[in-house]
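Peer 1: next come a sequence and a model predicted from it.
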Number of protein chains: 2
Amino acid sequence: MSILVLGTVALDTVRTPYGERKKILGGSASHFAMSARLFSRVNIVSVVGSDFPQRHLDFLRGKNISLASLSRSPEKTFAWEGEYRGDLDTARTLRTELGALVTFKPQVFARERGASHVFLANIDPDLQQAVLRQLRRPALIAMDSMDYWIRHKRASLLRLMKRVDIFMANDQEARSLTGEDSLVAAARGLRALGPKLILVKKGQHGSLMYGGSFFIVLPAYPVAAVIDPTGAGDTFAGGFMGYLAQAGSCGGGALKKALVWGTVAASFNVEGFGLERTATLTKKALQARATAFRRQVSF
Amino acid sequence: MSILVLGTVALDTVRTPYGERKKILGGSASHFAMSARLFSRVNIVSVVGSDFPQRHLDFLRGKNISLASLSRSPEKTFAWEGEYRGDLDTARTLRTELGALVTFKPQVFARERGASHVFLANIDPDLQQAVLRQLRRPALIAMDSMDYWIRHKRASLLRLMKRVDIFMANDQEARSLTGEDSLVAAARGLRALGPKLILVKKGQHGSLMYGGSFFIVLPAYPVAAVIDPTGAGDTFAGGFMGYLAQAGSCGGGALKKALVWGTVAASFNVEGFGLERTATLTKKALQARATAFRRQVSF
């Protein structure tokens, strides 16, 4: 059992009401891996540029994360700059430098092609497809996407959706992909496009999972202060997929528990800038918060 | 054990993507009563004008609701006109005719002054105070309020908050009353103003309850189509207070269950215009949905 994630490894510059961080380690693959690592070894498929600091590579390798499928490019590392205001619900993107991403051709290292659990984070659906083609039969494939691909690569996206087990999207994306205002209707519409399981992420409002015969709804874990929500969705996905990989099952009970681990992992992510909080997170701390969350939610 | 609600009995004109209804029976007291009646007899303290149709009075009386404390005024009945768009999260008020509300002096009928459970729906805090003064020692007092009173009658509102057990507000109101963006911080801030229990209603995103030593968070029950959310918050309060009145306890377990009943009652309310759906609601249907909700949420 091993986890593979395709996504970005980025240098993020973030401003929130709590402060600013410049060029910190970020990206969907980093955030995903930082929570999935608590359950299993994680293989990152991504690219960084020549400006990428060696200390970040050392840091990731020290966290049970394999970088054998991380390409190096002479271009610059993908850089994102964004800002959050008010209740920090939505990021305002100030600048995006694609850099090394423009010519990125994902290459999965031979020994990592047998991964059992695969997460295709938000990236060009053609790259997501290219990674899938290199893998031997994974047990479970989940994908994320975003508005941009919905608008610009709808055909590729729809083709890919027929090949994955789990589709994750945030609430706005679920709505825009289906044209439905109701998230229940949107989840049904997304499932009709192929994936057996739909997971709608609602940020600070929790999540909704739809599996044809059932809905599961969970609030977010209530944190006192959201410092920086960047990467919360990928951290959520990391806890979710990590637990499923460890459990080796995707029955209803395992899915619900996976949703809890994802929720709780994300709650730690938002309590610090970038990976500050999840980098030092332990399974024990995650478990303790899951127990507290259970008390808050169950009845 | 009996429930008393101070609030409005109104004639609502509502437009949503699903259609329009003109001058239908509405108001906070009507919506509250229509769900609380499933648990106990409900006494409405309110006022209607000379234009108020007799059939609405007959309808309410037929639903285990007492109108002995409902005043009649020569003015017009309070009328609200509003519109919802998109995901129907926020109402846009098009017109408000206060009418009979302007000179309303609530008079609690002598036999109803011993009510055990009191809900002071959103209305001028001076009127809320005036009703409290007429009551013998209620076991539990809950209140709701809104931005308008926060801005225009802050002193009265803060005085009243020291006298109630439960304060309910929607998320925006909780933020604006405390100046806190985080709902966890806002709930703490509200509790510091007096009430032992804070209940933040987040509409389609569920609710959050804070009691000093504990938080309880619940998502909303996922409905396929929100037809008209008008009165959902008061319907929620009706299910919540109704259950507490029936349980005769406010321990942690009872509070959590009350939150579930409120959540489920509100989910029926939004499935039809005005009171369409809750008017025919039975305890059995409410129970069945509470059971389904439990499966969706508990882990």
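Peer 2: Cool, the structure landed.
Peer 1: what residues does the stretch 1-150 of chain A put near chain B?
Peer 2: Taking C-beta under 8 Å from any C-beta of the partner chain as the test, the list of the stretch 1-150 of chain A residues beside chain B reads A:Pro17, A:Gly86, A:Asp87, A:Leu88. Heads up, the C-betas are built off the backbone N, CA and C, glycines and all.
Peer 1: mind doing that once more with 6 Å?
Peer 2: Proximity of the stretch 1-150 of chain A to chain B is assessed by C-beta under 6 Å from any C-beta of the partner chain, with A:Asp87 identified as the residues in range.
Peer 1: low-scoring pLDDT stretches of the stretch 1-150 of chain A, where are they?
Peer 2: Judged by pLDDT under 70, the stretch 1-150 of chain A has no weakly predicted residues.
Peer 1: can you pull out the strands in it?
Peer 2: With DSSP state E, counting those that start in this stretch as the definition, the stretch 1-150 of chain A shows strands at residue ranges A:3-6, A:10-16, A:19-26, A:42-48, A:65-66, A:70-72, A:79-84, A:91-97, A:117-120, A:140-144.
Peer 1: can I get the ones you listed in JSON lines with mean neighbour count?
Peer 2: Written out in JSON lines, the entries for these read as follows (neighbours: other C-beta atoms under 10 Å in any protein chain shown):
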{"stretch": "strand A:3-6", "mean neighbour count": "29"}
{"stretch": "strand A:10-16", "mean neighbour count": "23"}
{"stretch": "strand A:19-26", "mean neighbour count": "17"}
{"stretch": "strand A:42-48", "mean neighbour count": "27"}
{"stretch": "strand A:65-66", "mean neighbour count": "21"}
{"stretch": "strand A:70-72", "mean neighbour count": "18"}
{"stretch": "strand A:79-84", "mean neighbour count": "19"}
{"stretch": "strand A:91-97", "mean neighbour count": "12"}
{"stretch": "strand A:117-120", "mean neighbour count": "28"}
{"stretch": "strand A:140-144", "mean neighbour count": "24"}
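Peer 1: flag the shaky bits of the stretch 151-299 of chain A, pLDDT-wise.
Peer 2: Under the criterion pLDDT under 70, the flagged ranges of the stretch 151-299 of chain A are A:299.
Peer 1: flag every residue of it that's near chain B.
Peer 2: Where proximity means C-beta under 6 Å from any C-beta, the interface of the stretch 151-299 of chain A facing chain B comprises A:181-182, A:184-185, A:205-206, A:215-217, A:219, A:222, A:224-225, A:256, A:260, A:296, A:298-299.
Peer 1: just the buried ones from those residues?
Peer 2: Among these, those scoring as buried are A:181-182, A:184-185, A:205-206, A:215-217, A:219, A:222, A:256, A:260, A:296, A:299 (criterion: 16 or more other C-beta atoms under 10 Å in any protein chain shown).
Peer 1: looking at the residues you listed, which are in helices?
Peer 2: Among these, the ones falling in helices (DSSP state H) are A:Val184, A:Ala185, A:Lys256, A:Val260, A:Gln296.
Peer 1: now for these: which two are most distant?
Peer 2: Farthest-apart pair in those is A:Ala185 and A:Gln296; separation 28.3 Å (C-beta to C-beta).
Peer 1: distance of A:Ser71 from chain B?
Peer 2: When C-beta to the nearest C-beta, to the nearest Å is the yardstick, A:Ser71 and chain B sit 39 Å from each other.
Peer 1: chain neighbours aside, what residue packs nearest to that residue?
Peer 2: The spatially closest residue to A:Ser71, leaving aside those adjacent along the chain, is A:Val47, at 4.3 Å (C-beta to C-beta, 6 or more residues apart in numbering or on different chains).
Peer 1: for A:Pro125, same thing?
Peer 2: Distances taken as C-beta to C-beta, 6+ apart put A:Ser156 closest to A:Pro125, at 4.1 Å, once the chain neighbours are dropped.
Peer 1: neighbours of the one you found, how many?
Peer 2: Residues within reach of A:Ser156, counting by other C-beta atoms under 10 Å in any protein chain shown, total 16.
Peer 1: what do you get for A:Gln54?
Peer 2: 7.
Peer 1: now tabulate the ones in helices among the buried ones among the residues of the stretch 151-299 of chain A next to chain B in a markdown table and tack on distance to A:Asp12.
Peer 2: Listed next are those as a markdown table, based on distance: C-beta to C-beta, whole Å:
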| residue | distance to A:Asp12 |
| --- | --- |
| A:Val184 | 33 |
| A:Ala185 | 34 |
| A:Lys256 | 32 |
| A:Val260 | 27 |
| A:Gln296 | 31 |
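Peer 1: closest to B:Phe268 out of the residues you listed?
Peer 2: Distance ranking of these against B:Phe268, using C-beta to C-beta, places A:Val184 first at 14.8 Å.
Peer 1: contacts only, for that closest one.
Peer 2: With contacts defined as C-beta atoms under 6 Å, 6 or more residues apart in numbering or on different chains, A:Val184 is in contact with B:Pro222, B:Ala224.
Peer 1: so where does A:Gly194 fall, helix or strand?
Peer 2: Assigned by DSSP states H and E, A:Gly194 belongs to neither a helix nor a strand.
Peer 1: against A:Ala254, how distant is it?
Peer 2: According to C-beta to C-beta, to the nearest Å, A:Gly194 and A:Ala254 sit 21 Å apart.
Peer 1: ramachandran coordinates for the most centrally placed residue in chain A?
Peer 2: For chain A, A:Asp234 is the residue whose C-alpha lies nearest the centre (C-alpha atoms, centre = their mean; 2.2 Å). When quoted as degrees, to the nearest 10, the phi and psi of A:Asp234 stand at phi -80, psi -30.
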